[in-house]
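Student: just a sequence and a predicted model for now, questions to come.
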Amino acid sequence: MAKKQTPHSAQRATVRDVAARAGVSPATVSRVLGGTYPVATATRTKVQRAMRDLDYVVNAQARALSGGTTKTVAFIVDDVTGAFYAHIARGVEEQAAQEGRLCLLCTTQGDPERVLAVVELMREQRADAVIVVGGAWEDPVYHERMTRFAYALDQAGSRLVLVGRPPLGEDVPATVVNYDNEGGAYAATSHLLAAGHRKVVYAGATAGLVTITERLQGFRRAHRAHGIEADPSLIVPGDFSRADGRRMIRELLARKAEFTAVVAATDVVAAGVLLELREAGLRVPADVAVVGYDDIPLASDLYPALTTVHVPQEELGRTAVRLALRRDARSGAQRQHVTLGTHVVVRESAPPPGSLRV
């Protein structure tokens with residue numbers, strides 16, 4: 001004889017099942033699930049206990065169709081294997097957990113079209129916030145489409161958050177959490193110039209990327225502040241890999257370029273620069289000083305320990321989630337824009353001014 005099934009063992013529990021178990025109305029259960037209306041603590045406890053007893057699972061699609069959210073935060077990044085992005089992701093995940101949200105990680109491998117596709121998907125899924133991290137391409141079409149998504153997310157009750165990217169426009173409903181990108185490059189370059197360097201390389205000048213455009217602005221501004229013209233032949237194109245850091249130095253040495261210092265676009269690039277200089281028989285910092293950017297954990301483990309620009313990576317992630325989810329009626333209608341500070345962390349690869357003999 002077949003075993004008789006109870007209603008709850010035969011199919012997934014519903015809101016009505018939870019309401020009957022807790023002795024409340026289905027509307028009260030919906031209020032507890034949505035978190036948008038006040039519910040007495042004792043009542044909320046009864047509903048939550050009934051949900052546990054019945055192993056109730058929220059139907060995210062039904063919630064989205066009813067106008068609610070799916071209690072998720074989407075984190076969109078080029079490549080999470082990089083330490084810089086990984087630490088921002090940690091900040092996002094930790095803050096999302098504190099806010100009672102699930103964090104969804106989406107990688108795009110640097111493809112702008114995939115970024116747009118993921119943003120659209122998260123809008124359809126009614127994520128509470130869609131956080132896009134990393135430098136934006138200087139492309140008017142891409143900018144216009146991201147602007148449209150910002151408005152679409154806002155209308156859906158969600159929020160577009162740009163981390164390490166410039167604002168889309170004065171009235172565009174997007175949260176911007178940036179860091180002083182140009183100021184960091186200015187400080188790093190000034191550190192070298194104040195130490196007596198006059199032939200300074202910029203390694204990793206990727207064209208069309210806003211992040212690098214800002215860093216080059218800081219690099220050139222530091223030269224002007226010291227009454228020096230930056231040498232265009234020492235601004236070297238390249239990507240953000242260790243291999244390309246090596247390649248750029250190898251090519252400079254092959255054409256017998258004169259330089260005594262290098263500003264690397266990232267710490268990973270700087271790692272390749274240090275290795276190639278060492279293999280060429282050049283001492284750091286006695287022959288060539290090197291400065292990186294980001295201050296990832298690797299920086300202090302390199303030989304010599306890397307002087308670099310510190311970016312508050314985890315705080316960028318935490319701030320992005322906090323601002324997106326804690327908007328009141330006034331701030332929700334306005335653009336939120338926060339810029340976190342950067343500073344130079346002096347280690348062995350580029351000593352303080354006054355210690356270099358030229």
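Tutor: Noted; the coordinates are in hand.
Student: send the alpha carbons of stretch 273-281 over as PDB?
Tutor: Below are the C-alpha coordinates for stretch 273-281, written out as PDB (Å, rounded to 0.1, in the frame of the first residue of the first chain):
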ATOM      1  CA  VAL A 273      58.900  45.400 -14.300                       C
ATOM      2  CA  LEU A 274      60.900  44.300 -11.300                       C
ATOM      3  CA  LEU A 275      61.600  40.900 -12.700                       C
ATOM      4  CA  GLU A 276      62.800  42.200 -16.000                       C
ATOM      5  CA  LEU A 277      65.000  44.800 -14.500                       C
ATOM      6  CA  ARG A 278      66.600  42.200 -12.200                       C
ATOM      7  CA  GLU A 279      67.300  39.900 -15.100                       C
ATOM      8  CA  ALA A 280      68.800  42.800 -17.000                       C
ATOM      9  CA  GLY A 281      71.300  43.300 -14.100                       C
END
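Student: give me the buried positions along that stretch.
Tutor: Val273, Leu274, Leu275, Glu276, Leu277 (16 or more other C-beta atoms under 10 Å). C-betas here are computed from N, CA, C, even on glycine.
Student: same question for stretch 74-83.
Tutor: By neighbour count on 16+ other C-beta under 10 Å, the buried set for stretch 74-83 is Ala74, Phe75, Ile76, Val77, Asp78, Gly82, Ala83.
Student: now Val263: how far from Met51?
Tutor: 56 Å (C-beta to C-beta, to the nearest Å).
Student: which one's more surrounded, the two?
Tutor: Shown here are Val263 and Met51; by other C-beta atoms under 10 Å, Val263 has more neighbours (31 against 21).
Student: how about the secondary structure of the more buried one?
Tutor: Under DSSP: H, G, I helix; E, B strand; the rest coil, Val263 falls in the strand class.
Student: for it, what are its contacts?
Tutor: With contact set as C-beta atoms under 8 Å, 6 or more residues apart in numbering, Val263 has these partners: Ala185, Ala188, Thr189, Leu192, Val200, Val201, Tyr202, Ala203, Phe219, Val291, Tyr293.
Student: 7 Å - rerun?
Tutor: By C-beta atoms under 7 Å, 6 or more residues apart in numbering, the contact set of Val263 is Ala188, Thr189, Val200, Val201, Tyr202, Phe219, Val291.
Student: dump the residue contacts of Arg16.
Tutor: Per C-beta under 7 Å, 6+ apart, neighbours of Arg16: Pro26.
Student: er, Asp239 actually
Tutor: With C-beta under 7 Å, 6+ apart, Asp239 has these contacts: Gly204, Thr206.
Student: what's the helix or strand for it?
Tutor: For Asp239, there is no host helix or strand (DSSP states H and E).
Student: got the phi/psi numbers for it?
Tutor: phi -100, psi -160 (degrees, to the nearest 10).
Student: how about Ala188, secondary structure?
Tutor: Per three-state DSSP, Ala188 ends up helix.
Student: okay, now it: neighbour count?
Tutor: 29.
Student: residues touching it, list them.
Tutor: Counting by C-beta under 7 Å, 6+ apart, Ala188 has contacts Val263, Val291, Tyr293, Val309, Val344.
Student: which parts of the stretch 201-350 of the chain are helices?
Tutor: Using DSSP state H, counting those that start in this stretch, the helices of the stretch 201-350 of the chain run over 210-225, 242-254, 267-279, 298-301, 313-325.
Student: ok, residues contacting the third one?
Tutor: In other words, helix 267-279. Contacts of helix 267-279 (C-beta under 7 Å, 6+ apart): 203-204, 240-246, 249-250, 262, 264, 284, 288, 290, 292-296, 298-299, 302, 306, 308, 349.
Student: quickly list the domain ranges of this structure.
Tutor: Per automatic domain parsing, the structural domains of the chain span 72-180+313-342, 181-311.
Student: which parts of the stretch 1-150 of the chain are helices?
Tutor: Using DSSP H, counting those that start in this stretch, helices in the stretch 1-150 of the chain cover 7-10, 15-22, 26-34, 41-54, 60-65, 83-98, 112-124, 140-155.
Student: same list, the ones you listed, but as JSON lines with distance to Val132 please.
Tutor: As requested, the helices of the stretch 1-150 of the chain are arranged in JSON lines below (distance: least, C-beta to C-beta, whole Å):
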{"stretch": "helix 7-10", "distance to Val132": "42"}
{"stretch": "helix 15-22", "distance to Val132": "34"}
{"stretch": "helix 26-34", "distance to Val132": "27"}
{"stretch": "helix 41-54", "distance to Val132": "34"}
{"stretch": "helix 60-65", "distance to Val132": "21"}
{"stretch": "helix 83-98", "distance to Val132": "11"}
{"stretch": "helix 112-124", "distance to Val132": "6"}
{"stretch": "helix 140-155", "distance to Val132": "8"}
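Student: out of those helices, flag the one nearest Gln313.
Tutor: Nearest of the helices of the stretch 1-150 of the chain to Gln313, taken as C-beta to C-beta: helix 83-98 at 3.8 Å.
Student: taking their axis directions, that closest one and helix 267-279 sit at what angle?
Tutor: With axes from the mean of the first three to the mean of the last three C-alpha atoms, to 10 degrees defining the directions, helix 83-98 sits at 150 degrees from helix 267-279.
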